[in-house]
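Asker: I would like the atomic coordinates for the input below:
(chains A and B)
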Amino acid sequence: MAERITPRSTDHSQWYLDVIREAGLADYGPVRGTMVIRPYGYAIWERVQQGLDAMFKATGHQNAYFPMLIPMSFLEKEKAHVEGFSPELAVVTIGGGKVLDEPLVIRPTSETIINHMFATWIQSYRDLPLLINQWCNVVRWELRTRPFLRTLEFLWQEGHTAHATAEEAEEETRRMLEVYRTFAHDHAAVPVVPGRKTEREKFAGADRSYTIEALLGDGKALQSATSHNLGQNFARAFNTMYLDANNTQQYVWQTSWGLSTRFVGAIILTHGDDRGLRLPPRLAPIQAVIVPIYRDDEGKATVMAAVEALRAALPADVRVHVDARDERPGFKFTEWEIKGVPLRIEIGPRDVEQGVVTVVRRDDGSKQTVPVAELPTGIGALLDAVQDGLYAQASEFVRANTRDAVDPASFTEALSHGGFVRVFWAGSSDDEAAIQEAHGATIRCLPFDQPAEDGICFYTGLPATTVALFARAY
RNA sequence: CGGGGUGUGGCGCAGUCCGGUAGCGCGCAGCGUUUGGGACGCUGAGGUCGGAGGUUCGAAUCCUCUCGCCCCGACCA
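Answerer: Next up, the predicted model:
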């Protein structure tokens, strides 16, 4: 049988598309750049949603929903915002068969319409902080698309908060970035570098933007989630004000932050291997698949009885699937490997006879024989081991592909390997643009807690003010 | 919008140079044999060859026009 998945090393782009197809995650939509997410792919997104939503609830945020159609005039109220987004807007000009007096924009993000409402919801300092999150879809008419990583329409959550002080807003911005970092690390086993965006890379309408940057298997970086300190930019544009304790009108200080279905792409590209997807157990729709093996109807009855007994004995919170299809074992093994299921539990005549099961880990392919009586208590540790194994492999990859550069020659050399390149930095936005032009690399972030003392910027020769992380990116 | 490709059953492709009325692999349906790593045999369903016009007795193939899609880049979660 022909290989269904192109090896990663042969053609990384083709490998990615093959995995999405063969694992049954998504299809191309009829409109260029759109994507249909199949049930299995959506189940992964649902796990992301559940994990994040629990964290948002813990930080006091409430879910709400705002309309998808936004009057064009709303976007035009904030200058930097409209300039940043206007090239990629989808605009509705006809409704109910009539040309509309004012065009409606399909939301590319919801800062404007949310401020429109916040301005009416917020009256007093007692109404603050206002902590809102929205799960929705947005449309950005991108020129170049790729499944999950960049599609015309995507699903995400966008958090929007309003605060009484600049300090509180900055604290919230950083707090939510830390939520994303924790989620990426603990749930997705995706190592990320948290840091600040440069002026050139920040969100249109923000004072400061923060990001977590992942490094994917092909050496390209991916902005995996962002958190923005909006300052008073939207508050001033929409008159979002509150009366403080001294009976004085004040503009609120705001934040917004988001994580999208792009993150599913980050998971695929961080963990996937030549056999297909590898899912971290905490996000896997199916954590363990039980594959019965038998030769005839009589053997099948015996094995299936053992399978049902095992399934009943396993903890209820472990997501188990029994593959009872009448297919050859090898076929089923391969299929679940492509789908990235963390644990495969094989039960055949020999296992039943000896009172054991054969457990195969997806992270390292290791196979072990486990007494069937021990599995109900041991499966949690096995899943944790796969979770840790995936994180260890991914973080080792990031470590091995992060290089330091101290001069133009070593910068070029380091970039040629792909991956992150760390430099001392004291450059302008124009310098960044020139480097992007020459090398195709951009500053992904200015990582936190990286002292720049005594460093000299490799590009300008000036004393460094910060450390910058360069990479080619999606 | 630049550069490079490509449109032929559900998917992946051959056939195009040198016109003769469409083929292969996978998948799908039925039956049988199989089942501890992607099984095999037999039977079968499924395509106006991206579209339009032209040349010709005859076009997937030659000519003209046109549309779509993919990859690399600019833009970007």
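Asker: Tell me the spatial nearest neighbour of the residue of the stretch 251-400 of chain A found nearest RNA strand B, not counting adjacent residues.
Answerer: Among the residues of the stretch 251-400 of chain A, A:Gly348 lies nearest to RNA strand B; the distance is 2.1 Å by C-beta to the nearest atom of the strand. Placement of C-beta: from N, CA and C, glycine included. Nearest residue to A:Gly348, sequence neighbours excluded (C-beta to C-beta, 6 or more residues apart in numbering): A:Ile293, at 3.5 Å.
Asker: surely A:Leu69 meets A:Leu104?
Answerer: Yes - with contact defined as C-beta atoms under 8 Å, A:Leu69 and A:Leu104 form a contacting pair (4.4 Å).
Asker: Can you pick out the residue with more neighbours from these two?
Answerer: For A:Leu69 versus A:Leu104, neighbours defined as other C-beta atoms under 10 Å are more numerous around A:Leu104 (19 against 12).
Asker: Which pLDDT value goes with that one?
Answerer: A:Leu104 is assigned 95 on the pLDDT scale.
Asker: Look up how far A:Glu168 lies from it.
Answerer: 34 Å (C-beta to C-beta, to the nearest Å).
Asker: same thing with A:Glu353?
Answerer: Counting by C-beta to C-beta, the separation of A:Glu353 from A:Glu168 is 65 Å.
Asker: Neighbour count for the two, which is higher?
Answerer: Set side by side, A:Glu353 and A:Glu168 show unequal neighbour counts under other C-beta under 10 Å, the larger going to A:Glu168 at 17 against 9.
Asker: does the more buried one count as helix, strand or coil?
Answerer: helix (DSSP: H, G, I helix; E, B strand; the rest coil).
Asker: who are the neighbours in contact with it?
Answerer: Neighbour list for A:Glu168: A:Pro129, A:Trp253 [criterion: C-beta atoms under 8 Å, 6 or more residues apart in numbering].
Asker: State the distance from it to A:Thr248.
Answerer: Distance from A:Glu168 to A:Thr248, by C-beta to C-beta: 17 Å.
Asker: mind listing the helices for chain A?
Answerer: For chain A, the helices identified by DSSP state H occupy A:12-22, A:39-58, A:72-76, A:79-85, A:111-121, A:166-186, A:233-238, A:262-271, A:297-313, A:329-338, A:349-354, A:375-400, A:408-416, A:429-439, in order along the chain.
Asker: Give the other helices and strands that the second one contacts.
Answerer: Just to be clear, that refers to helix A:39-58. With contacts defined as 3 or more C-beta pairs under 8 Å, 6 or more residues apart in numbering; DSSP states H and E, helix A:39-58 has these neighbours: strand A:130-139, strand A:153-163, helix A:166-186, helix A:262-271.
Asker: okay, the longest one in CSV with CA atoms only?
Answerer: Read it as helix A:166-186. Written as CSV, here are the backbone C-alpha positions of helix A:166-186 (Å, rounded to 0.1, in the frame of the first residue of the first chain):
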residue,chain,number,x,y,z
ALA,A,166,-3.4,51.9,33.6
GLU,A,167,-1.6,49.7,36.1
GLU,A,168,-4.6,47.4,36.4
ALA,A,169,-4.9,47.1,32.6
GLU,A,170,-1.2,46.3,32.3
GLU,A,171,-1.6,43.7,35.0
GLU,A,172,-4.6,42.1,33.3
THR,A,173,-2.7,42.0,30.0
ARG,A,174,0.2,40.2,31.5
ARG,A,175,-2.1,38.0,33.6
MET,A,176,-3.9,36.7,30.5
LEU,A,177,-0.7,36.2,28.6
GLU,A,178,0.4,34.0,31.5
VAL,A,179,-2.9,32.1,31.2
TYR,A,180,-2.1,31.3,27.6
ARG,A,181,1.4,30.3,28.4
THR,A,182,0.2,28.0,31.1
PHE,A,183,-2.4,26.5,28.8
ALA,A,184,0.1,25.9,26.0
HIS,A,185,2.5,24.3,28.4
ASP,A,186,0.1,22.3,30.6
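Asker: Okay, buried residues for that helix please.
Answerer: If you call a residue buried by 16 or more other C-beta atoms under 10 Å, then helix A:166-186 has these buried ones: A:168-170, A:172-174, A:176-177, A:179-181, A:183-184.
Asker: Among the residues you listed, which one lies nearest to RNA strand B?
Answerer: Distance from RNA strand B was checked for each of the buried residues of helix A:166-186 by C-beta to the nearest atom of the strand. The minimum falls on A:Tyr180, at 10.9 Å.
Asker: who touches the closest residue to that closest one other than its chain neighbours in this structure?
Answerer: Take A:Tyr180 and drop its neighbours on the chain: the residue closest to it by C-beta to C-beta, 6+ apart is A:Ala225, 3.9 Å away. When contacts are counted by C-beta under 8 Å, 6+ apart, A:Ala225 touches A:Leu177, A:Tyr180, A:Ala184, A:Thr211, A:Ile212, A:Trp257, A:Gly258, A:Leu259, A:Phe263.
Asker: how about JSON lines for the residues you listed, with distance to RNA strand B and pLDDT added?
Answerer: Output for the contacts of A:Ala225, formatted as JSON lines (distance: C-beta to the nearest atom of the strand, whole Å; pLDDT from 0 to 100):
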{"residue": "A:Leu177", "distance to RNA strand B": "13", "pLDDT": "98"}
{"residue": "A:Tyr180", "distance to RNA strand B": "11", "pLDDT": "98"}
{"residue": "A:Ala184", "distance to RNA strand B": "12", "pLDDT": "98"}
{"residue": "A:Thr211", "distance to RNA strand B": "7", "pLDDT": "97"}
{"residue": "A:Ile212", "distance to RNA strand B": "10", "pLDDT": "97"}
{"residue": "A:Trp257", "distance to RNA strand B": "11", "pLDDT": "98"}
{"residue": "A:Gly258", "distance to RNA strand B": "6", "pLDDT": "97"}
{"residue": "A:Leu259", "distance to RNA strand B": "8", "pLDDT": "97"}
{"residue": "A:Phe263", "distance to RNA strand B": "8", "pLDDT": "96"}
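Asker: interface residues of the stretch 351-474 of chain A facing RNA strand B?
Answerer: Residues of the stretch 351-474 of chain A found near RNA strand B, taking C-beta under 7 Å from any atom of the strand as the criterion, are A:Asp351, A:Val352, A:Thr358, A:Val360, A:Gly365, A:Lys367, A:Gln436, A:Gly440, A:Ala473, A:Tyr474.
Asker: Are any of those buried, and if so which?
Answerer: The buried subset of those - by 16+ other C-beta under 10 Å - is A:Asp351, A:Val352, A:Thr358, A:Val360, A:Ala473, A:Tyr474.
Asker: what two of these are the furthest from one another?
Answerer: A:Val352 and A:Ala473 (51.6 Å; C-beta to C-beta).
Asker: number of nearby residues for A:Phe448?
Answerer: Around A:Phe448 there are 14 residues (other C-beta under 10 Å).
Asker: Now do the same for it: its pLDDT.
Answerer: In the predicted model, A:Phe448 carries a pLDDT score of 96.
Asker: same deal with the one 10 residues further on?
Answerer: Here the pLDDT value assigned to A:Phe458 is 93.
Asker: With A:Ala26 instead?
Answerer: For A:Ala26, the pLDDT comes out at 89.
Asker: Number of residues surrounding A:Gln354?
Answerer: Burial of A:Gln354, expressed as a neighbour count using other C-beta under 10 Å, amounts to 11.
Asker: Sorry, slip of the keys, the one I care about is A:Thr377.
Answerer: A:Thr377 is surrounded by 11 other residues when neighbours are defined as other C-beta under 10 Å.
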